[in-house]
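Novice: Got a predicted structure plus its sequence, pasted below:
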Amino acid sequence: MKILQARLTQWLVSTQVKDDRGRLPLHLCADDADCSEALIRALLRAHPQGVNQRDDADQLPLTHSCAAGVASSLYREVAEPPARLISQ
């Protein structure tokens, strides 16, 4: 059981690690039309804050998703509106 717990913890941490262009695994999945809905949902569950994190190009995963034609509704389900829209 300890090995399983270690692997799950390692996977959860890896969902928060950015690449050299500031992209999370969620950004990479959003760019890939072959990424499964199940994987997108797993990444969103593991690191829900990732949906509102911008990469070095100032792009959200939703932006990547829309450009790639990937299931963007999944990202919109959990995305928070920007603070500037809330305060208006």
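Specialist: Arrived safely.
Novice: so is Ala30 in a helix, a strand, or just coil?
Specialist: Classification of Ala30 using DSSP: H, G, I helix; E, B strand; the rest coil returns helix.
Novice: Hmm, it is touching Val70, no?
Specialist: Yes - using Cβ atoms under 8 Å, Ala30 is in contact with Val70, at 5.7 Å. The way it works is simple: take the backbone N, C-alpha and C, and place the C-beta from them, glycine included.
Novice: which residues do the two both contact?
Specialist: Taking Cβ atoms under 8 Å, 6 or more residues apart in numbering as the contact rule, Ala30 and Val70 both touch 40, 64.
Novice: of the two, who's got more company?
Specialist: Using other Cβ atoms under 10 Å, the more surrounded residue of Ala30 and Val70 is Ala30, with 29 against 22.
Novice: buried stuff in stretch 28-47?
Specialist: With burial defined by 16 or more other Cβ atoms under 10 Å, the residues of stretch 28-47 counted as buried are 28-31, 35, 40, 43-44, 46-47.
Novice: For those, name the two members farthest from one another.
Specialist: Across the buried residues of stretch 28-47, the longest distance by Cβ to Cβ is 18.2 Å; it joins Asp31 and Ala46.
Novice: contacts for the longest helix along the chain?
Specialist: Determined from DSSP state H, the single longest helix within the chain is helix 2-14. Helix 2-14 is contacted from outside by 25, 46-47, using Cβ under 8 Å, 6+ apart.
Novice: Which secondary structure element is home to Gln16?
Specialist: Remark: Gln16 resides in no helix or strand, with elements defined by DSSP states H and E.
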